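**Student:** how would this look folded up:
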Amino acid sequence: MGRAGALRIGRQRRGAAGYAAADERACVSDGAAAAAERVARESYGRLVARLAWQWRDLAAAEDALADAFAAALRHWPEQGVPDAPEAWLAAAAHRRLLHHARHVRLTLDPRVTALLDEAEPEAPERQTVPDARLQLMFVCAHPAIEANVHAPLMLQAVLGLNAKVIASAFLVSPAAMAQRLVRAKARIREAGLRFEAPEARELPARLAAVLEAIYAAYTLGRHALDSPADDLREEALFLARLAAQLLPRQAEAWGLLALLLHAESRRAAQFDAEGRFVPLAAQDPAGWRDDLIREAEAALWTAAKLRQPGLFQIEAAIQSAHAQRRATGQTPWRAIAQLYGVLVQHHANLGARVGQAVALAESGEPAAAVALLDALPLEAAGYAPYWVARAHVLGMAGAPGRQAAVQRAIGLTDDPRLRDFLVAQLG
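**Tutor:** Sure thing, here's the model as predicted:
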């Protein structure tokens, strides 16, 4: 459902209770609406994770939270925004779940009986996963749910992202992603799946989907323009660190952590003082964070010692090679091209193949890079990084078509900072 969905349904349910649209606008003050928006943006994922973990039911948790937002939009304009709005919403959703439990006569279930006093239930004494959000992510990777929806379901249920945003991370249309998520939730209801915490022995088999979702969350936060982007990046980094600590014998967990740390180390150098985009090759390595680079290298070395090769480790190794420029002043393009070749052998997605083409061109083989881009499937035509890379590679090869490629990239780019950079390339 997501944060925006909770607010939207909240407004719809308030209207169903008898409020006309005009009365809503008069009743809901700007301050109360802004507070609800802020809590939805910052806390939706934590609230859903907490409620779903306590009640073992994702759909019920989302419905209860939507009702809580509806109640907030009714009461906050009259009573004032509470000092702890997140706690207010959690309590309202909790009461709704209690009421529903009584209504459907589930009180014979010991887990529900324990909740029938209005107090918040205590967590089980022994938890497999020490963080409710990460625990719910492992739950979303239940084998009864289709594998291609595991990571998207985590992004929606745990981090509160909507289908349109999630679709951009997986290179599918928003409509297709929405259908996947709807089918997944229908499957959960039809199968009567209870959101039980997985046992420790089940975690390694579910880890790949969890890491994919964490990586997608960081990527979405990295490219977003609004202020919650920082929160999403920080949350992804927190979850990556926690996953590595939880499963220290799983090399890919350390590989993902290394990859994100290398990306985060360059965040401040990605834009100049005027907010203009600076491509990696033009960044001043002195602006990269040395502490994060060292932490990334330690994580990558930990992964290597486990001798479990994986995709995130290869991607982290590519970023590690880029980081060498901070010490040597040179980018080892030949080694990077070789690493991309290994990555493409195991996971030939568009991003990997585009990266391989750029590395080939930079290492002195622009003609081979053009041929590689020419061989990509038709779906590359809608992928902005493909056209950015094509323009760069054609320019290095001295081949025609560079200007047209830049124009195609501009048309597919949403970020105005990157669009301004590309427009400058036309000159």
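
**Student:** how does this protein divide into domains?
**Tutor:** For the chain, the domain assignment from automatic domain parsing gives the residue ranges 2-113, 332-427.

**Student:** ok, of those, where does mean pLDDT dip lowest?
**Tutor:** Mean pLDDT across the domains of the chain is lowest at domain 2-113; the value there is a mean of 67.

**Student:** pull out the buried positions in the one helix or strand F238 maps to.
**Tutor:** Secondary structure here is read from DSSP states H and E; on that basis F238 sits in helix 228-246. Of the residues in helix 228-246, 231-233, 235-237, 239-244, 246 count as buried by neighbour count, 16 or more other C-beta atoms under 10 Å. For glycine as for every other residue, the C-beta is placed from the backbone atoms N, C-alpha and C.

**Student:** closest to R222 among these?
**Tutor:** Comparing the buried residues of helix 228-246 against R222 with C-beta to C-beta places R233 closest, at 6.1 Å.

**Student:** correct me, but the closest one touches E264?
**Tutor:** Yes - in this structure, R233 is within contact of E264 by C-beta atoms under 8 Å, at 6.9 Å.

**Student:** now K164: closest residue in space that isn't a chain neighbour?
**Tutor:** Counting by C-beta to C-beta, 6 or more residues apart in numbering, the nearest residue to K164 once its immediate chain neighbours are dropped is P174, at 4.2 Å.

**Student:** again, but for R222
**Tutor:** Nearest residue to R222 in three dimensions, chain neighbours excluded: R233, at 6.1 Å (C-beta to C-beta, 6+ apart).

**Student:** and the one you found, what does it touch?
**Tutor:** The contact partners of R233, taken as C-beta atoms under 8 Å, 6 or more residues apart in numbering, are Y218, G221, R222, E264, R267.

**Student:** do the same with E315
**Tutor:** Listed by C-beta under 8 Å, 6+ apart, the contact partners of E315 are G255, L259, L343.

**Student:** compare those and tell me which is most surrounded.
**Tutor:** For those, the largest neighbour count, defined by other C-beta atoms under 10 Å, is 29 neighbours, found at G255.

**Student:** next, work out how far apart that one and K305 are.
**Tutor:** Using C-beta to C-beta, to the nearest Å, G255 is found at 12 Å from K305.

**Student:** just A317 next, same as before
**Tutor:** With distances defined as C-beta to C-beta, the gap from A317 to K305 amounts to 14 Å.

**Student:** next one: V139
**Tutor:** Counting by C-beta to C-beta, the gap between V139 and K305 amounts to 30 Å.

**Student:** which stretches of the stretch 101-250 of the chain have low pLDDT?
**Tutor:** Screening the stretch 101-250 of the chain residue by residue with the criterion pLDDT under 70, one finds the ranges 101-128, 130, 193-195, 223-230.

**Student:** ok, 90 please
**Tutor:** Within the stretch 101-250 of the chain, the segments meeting pLDDT under 90 span 101-136, 139-140, 142-146, 156-165, 168-173, 182-200, 220-232, 235.

**Student:** what's the burial count for R201?
**Tutor:** Residue crowding around R201 was assessed by other C-beta under 10 Å; the count is 8.

**Student:** residues touching it, list them.
**Tutor:** For R201, no residue counts as a contact, taking C-beta under 8 Å, 6+ apart as the criterion.

**Student:** what of W387?
**Tutor:** W387 sits in contact with A405, V406, R408, A409, L412, where contact means C-beta under 8 Å, 6+ apart.
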